[in-house]
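S.K.: fold the following, please.
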Amino acid sequence: MTRKELFELVQKSRITMPYEEKSIERDAILFHWRSLDPDFKVPFQPEILMSLYGALGWDKKNKKWVVCSPTGLFDDLGDFQSFVCRTLSNTDMQGYTLKNHEEVIVCGNTPLYRSFEAERSFYAGLKKETDKSIRAQLILSRLSKAIVADSDNKAKQIKEAFEDIKEGNLLVLTTSLLENIETLDLTDSSDIEKMQYLSSFYQSVEKREANDFGVDLELIDKRAQVTSNEIKQYDDVTTLEYLIMFECRQRFVEEMKENGINIEIVRNPVFFDEPTKEDVDEGEFEEATPEETQEETPEEVTEETEVIENGNDEN
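M.R.: Coordinates of the predicted model:
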């Protein structure tokens, strides 16, 4: 993957590039690829390739890593018959077709070998527009007046006067300059209040993007009226996409081992409340448990009773 190719993926909206790069870099650490054979090398950043292209494969004929795109035809088992492949060194820009399983072993990013480029572009556009709104509100919140001049000469003198003030120079004004000077309020400091809503919306966009790919960020935007149980009820849905992606990678690892290549792909536990191996094997998620209610201690009960009794005695 060259830098030029990366830019071409977002050519229609280059201004979103920093946002997209940040998201793609986050994809790079969702899963860790390791070769258990010192003579066999895995790609430098396989998850970036998976995110951009949707599929990464091992060309058994040429003994090379390739990025892949399914041809669209299914075999008797419902998998794709073949893939159009291209080597990572860009020596085969036109691509070449290989039979699935027989000539190439393919690791799909998702069951449909789907890239995340479209999602990254969508969220990058939202974040870019939000930042533009935040910047506009920041400008509108400044305490500043616009000075109205009735001629270009007077406008020039006023600008020069302000330059002298900023530099601490002696300022001398002519009488004609002081006549008929008006100001206009174009900004309002109260607009700064809108910034908190825009900032909150930006956080919501980032949370939604992360949740779509399995990173649970619900607690970032937790409101006082939202309980922990209400938040946790979405855990299984949030984790679903991530588990599907992991299952695709596990199938790839098994097929590679069947062909004498020993690698492993493990989940990064830093960003995920990682299910147990049994949960993954059986396709079950850990059931949500209600929050434990703190029981009153005997001392607390006694204390409360004494207060009530004392109150009754006083009456």
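
S.K.: what pLDDT does residue 290 get?
M.R.: In this model, residue 290 is scored at 42, pLDDT.

S.K.: give me the neighbour count for residue 35.
M.R.: Residues within reach of residue 35, counting by other CB atoms under 10 Å, total 14. No exception for glycine: its C-beta is placed from N, CA and C like everyone else's.

S.K.: I figured it hits residue 263, correct?
M.R.: Yes - contact criterion CB atoms under 8 Å: residue 35 and residue 263 qualify, at 5.1 Å.

S.K.: tell me which helix or strand residue 20 sits in.
M.R.: Of the helices and strands defined by DSSP states H and E, residue 20 is found in helix 17-27.

S.K.: buried ones in that helix?
M.R.: Within helix 17-27, the residues that qualify as buried are 17, 19-20, 23-24, 26-27, counting by 16 or more other CB atoms under 10 Å.

S.K.: right, and the helix or strand after that helix?
M.R.: Tracing the chain C-terminally past helix 17-27 and defining elements by DSSP H and E, one meets strand 31-35 next.

S.K.: neighbouring strands - and their directions - for that next one?
M.R.: Here strand 31-35 has these sheet partners by DSSP bridges: strand 263-267 (antiparallel).

S.K.: using PDB, list the CA coordinates for the partner strand.
M.R.: This file holds the C-alpha atoms of strand 263-267, laid out as PDB (Å, rounded to 0.1, in the frame of the first residue of the first chain):
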ATOM      1  CA  ILE A 263       0.200 -18.200  12.200                       C
ATOM      2  CA  GLU A 264      -2.200 -16.800  14.800                       C
ATOM      3  CA  ILE A 265      -4.500 -13.800  14.900                       C
ATOM      4  CA  VAL A 266      -5.500 -12.700  18.400                       C
ATOM      5  CA  ARG A 267      -7.900 -10.000  19.700                       C
END
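
S.K.: show me what it is in contact with.
M.R.: Applying CB atoms under 8 Å, 6 or more residues apart in numbering, the contact partners of strand 263-267 are 30-37, 40, 42, 242, 246, 249-250, 252-253, 256-257, 274.

S.K.: make a ChimeraX selection of the buried ones in these.
M.R.: Per 16+ other CB under 10 Å, the buried members of the contacts of strand 263-267 correspond to this ChimeraX selection:
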select :30,31,33,42,242,246,249,250,252,253,256,274
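
S.K.: which residue is the nearest non-sequential neighbour of residue 50?
M.R.: When the adjacent residues along the chain are set aside, residue 50 lies closest to residue 109, with 4.4 Å between them (CB to CB, 6 or more residues apart in numbering).

S.K.: now that neighbour: phi and psi?
M.R.: Here the main-chain torsion angles of residue 109 (degrees, to the nearest 10) amount to phi -60, psi -40.

S.K.: how many residues are close by it?
M.R.: The number of residues packed around residue 109, counting by other CB under 10 Å, is 23.

S.K.: doesn't residue 246 make contact with it?
M.R.: No - contact between residue 109 and residue 246 fails when scored by CB under 8 Å: they sit 11.1 Å apart.

S.K.: pLDDT below threshold where in this structure?
M.R.: Residues of the chain that meet the criterion pLDDT under 70 lie in 1-15, 143-144, 174-181, 183-192, 213-240, 270-315.

S.K.: any idea how far residue 260 is from the residue nearest to residue 50?
M.R.: In this structure, residue 109 and residue 260 are separated by 24 Å, where distance is defined by CB to CB, to the nearest Å.

S.K.: please apply the same query to residue 96.
M.R.: With the distance defined as CB to CB, residue 96 ends up 23 Å from residue 260.

S.K.: now swap in residue 135 and tell me
M.R.: Taking CB to CB as the criterion, residue 135 is separated from residue 260 by 56 Å.

S.K.: residue 155 too?
M.R.: Computed with CB to CB, the distance linking residue 155 and residue 260 is 80 Å.

S.K.: got it, and residue 61?
M.R.: When CB to CB is applied, the distance between residue 61 and residue 260 equals 15 Å.

S.K.: so between those two, which is more surrounded?
M.R.: Each of residue 61 and residue 260 had its neighbours counted (other CB under 10 Å), and the higher figure belongs to residue 61 (12 against 8).

S.K.: around residue 100, how many other residues sit close by?
M.R.: Here the count is done by other CB under 10 Å, and residue 100 has 20 residues near it.

S.K.: can you get me a residue count around the residue nearest to residue 92 when sequence neighbours are not counted?
M.R.: With CB to CB, 6+ apart as the measure, residue 86 is the residue that lies nearest to residue 92, at 5.1 Å, once sequence neighbours are left out. Burial measure for residue 86: 17 neighbouring residues, criterion other CB under 10 Å.

S.K.: no more questions from me, cheers.
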